[in-house]
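# everything below, folded, please.
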Amino acid sequence: MFNVLKKTLRKEFGHQKYEQYAQYIKRNIREAKQDNTEIYNDLYAMLREKEAARLLEMQERLNASLLDAFYISKNYLMTFVAYLAAFVIIASFVAQMYAVPSMFLISGLFLVKTYEFVVNKFCYIDAHMVLVYKSVLDRLLMEQK
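Next comes the predicted model:
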């Protein structure tokens, strides 16, 4: 799976809860609503009984996922430049037998990185869910302190 936010959220909530929240957010988007109180209240009730140490671990995992998504976006330009440079260098050896398969290989790898970039860059539903989840974690940690 290429979407790091979706992967983390599914691990934290479970597949069924994740799909339920995603459907709720999609429905709200279609109806032009910004109301996420149902998700917020459900997460709050689910996480309220957890210990502070467990909540901190959850927050660390969420922050690590957010950093991973940021690095994927940040490093994409360097990936693109490296791909172009490698393609030009390999293309200059067209007469050689291994140049064409090498160009297909790096093009395939570049398409995989491009897919990863696009999926992580435009994951509005997951980003929306992360904001709600992060606010619940922050509130619970503040209440326990």
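# what residues sit buried inside the longest helix along the chain?
In terms of residue count, the longest helix belonging to the chain (DSSP state H) is helix 52-91. Residues of helix 52-91 classed as buried by neighbour count (16 or more other C-beta atoms under 10 Å): 55, 58-59, 62, 65-66, 69, 72, 76, 79, 83, 86, 90. Placement of C-beta: from N, CA and C, glycine included.
# what residues of the strand or helix carrying Val119 count as buried?
In the assignment (DSSP states H and E), Val119 maps to helix 99-121. For helix 99-121, the neighbour count (16+ other C-beta under 10 Å) marks Ser102, Met103, Ile106, Phe110, Lys113, Glu116, Phe117, Val119, Asn120 as buried.
# from the chain's centre, how far out does stretch 55-68 sit?
Distance of stretch 55-68 from its chain centroid, counting by C-alpha atoms, centre = their mean, to the nearest Å, is 12 Å.
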